[in-house]
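next input, structure requested:
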Amino acid sequence: MAAGLNLDGSPWSAHIRQVALRYDQEFSGKAFELPPEVEAMPIYSDWISGVLAQRIASNFWDLAKPKKRQKCLDIGCGVGFLVYPWREWDASFYGHEVSAIAQQGLTSRGPQLNSKLFKGCRLAPAHRLEYEENFFDLVISTGVSCYYGPDYWETVMAQVRRVLKPEGLFLFDVINPDLPLAENWAILETYLGAEVNLTPIDTWKPLVKASGARIVSHRENELFRLLKVKW
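Model prediction:
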């Protein structure tokens, strides 16, 4: 399914495809074959039961809740429109995803949930944001940066800045490799098919500053630090 991605031969193509395949497999409900030593890890049990997802989820609305009539872009959205309270927020949702399975499912079910707020979901990587300049009030990306290095995220942030309105906000999370859960989670993800990039947490503040933005606030969970960024 990842073959549907148009990556234009970017230097990150192979890795993006691996991430897409990893999530295609999960969203299609296909079993993962993992070695016994990985299945014996406590984190594996938490992953299978769904407890892990709850523990590490970055609730972006804790830092900036979408507002009525705002245009919001969710990069790496998965099936978030079906899960998060978009109808309560009454904000327009634009999805952006590398998993063809997630994109197809969301494209099928999103309009049934709310055809007014759901504005579609594009199958494309985070560095290819083919939208108008100054179009979005809010851009969100959680659970994405951990798979890529800072060089890739510099490119993504330049694209985000282009599509955001001057007073818009960018919410994204970064893995904190100093936390106890980080190493085991990285091992699990590697066996699930997508290698995690354990970028030092101190990397992100200067990277954001170099893009011309600043970190307005942040929030921690057991694995990620959620950042609210403004240009």
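
what about E189, neighbour count?
Using other Cβ atoms under 10 Å, the number of residues around E189 comes to 17. Backbone N, C-alpha and C define where each C-beta goes, glycine included.

before we move on, could you check phi and psi at L169?
Taking degrees, to the nearest 10, you get phi -120, psi 150 for the backbone angles of L169.

ok, P166 next?
Per-residue torsions, P166: phi -50, psi -30 (degrees, to the nearest 10).

from here on, call the first residue 866.
In the new numbering, first residue 866, that becomes P1031.

phi, psi of the residue located most distally from the centre of the chain?
In the chain, P901 marks the outermost C-alpha relative to the chain mean, sitting 29.0 Å out by Cα atoms, centre = their mean. In this entry, P901 is assigned phi and psi values of phi -50, psi -40 (degrees, to the nearest 10).

quick check: it vs S1006, distance?
In this structure, P901 and S1006 are separated by 35 Å, where distance is defined by Cβ to Cβ, to the nearest Å.

helices of the protein, residue ranges please.
878-892, 901-904, 907-914, 916-921, 945-948, 951-954, 965-979, 1015-1028, 1047-1057, 1069-1075 (DSSP state H).

give the buried residues for the third one.
Translated: helix 907-914. Taking 16 or more other Cβ atoms under 10 Å as the basis for neighbour counts, the residues of helix 907-914 that come out buried are I908, Y909, D911, W912.

which one of those residues is nearest S964?
Nearest to S964 out of the buried residues of helix 907-914 is W912 (Cβ to Cβ; 17.2 Å).

shouldn't the closest one be in contact with L1053?
Yes - counting by Cβ atoms under 8 Å, W912 touches L1053, with 6.3 Å between them.

okay, W1050: pLDDT?
Confidence at W1050, expressed as pLDDT, is 98.

so who does it touch?
Under the criterion of Cβ atoms under 8 Å, 6 or more residues apart in numbering, the contact partners of W1050 comprise I908, L917, I921, V1061, L1088.

do you know how far it is from F1037?
Per Cβ to Cβ, W1050 is found 18 Å from F1037.

cool, I1005 as well?
I1005 is 7 Å from F1037, where distance means Cβ to Cβ.

just to revisit the earlier point, okay, the buried residues of helix 907-914 in JSON lines with pLDDT and distance to Y1013 next?
Below are the buried residues of helix 907-914 laid out as JSON lines (pLDDT from 0 to 100; distance: Cβ to Cβ, whole Å):
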{"residue": "I908", "pLDDT": "97", "distance to Y1013": "22"}
{"residue": "Y909", "pLDDT": "96", "distance to Y1013": "24"}
{"residue": "D911", "pLDDT": "96", "distance to Y1013": "24"}
{"residue": "W912", "pLDDT": "96", "distance to Y1013": "21"}
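
which of those sit farthest apart?
Taking Cβ to Cβ, the two most distant members of the buried residues of helix 907-914 are Y909 and D911; they sit 7.3 Å apart.
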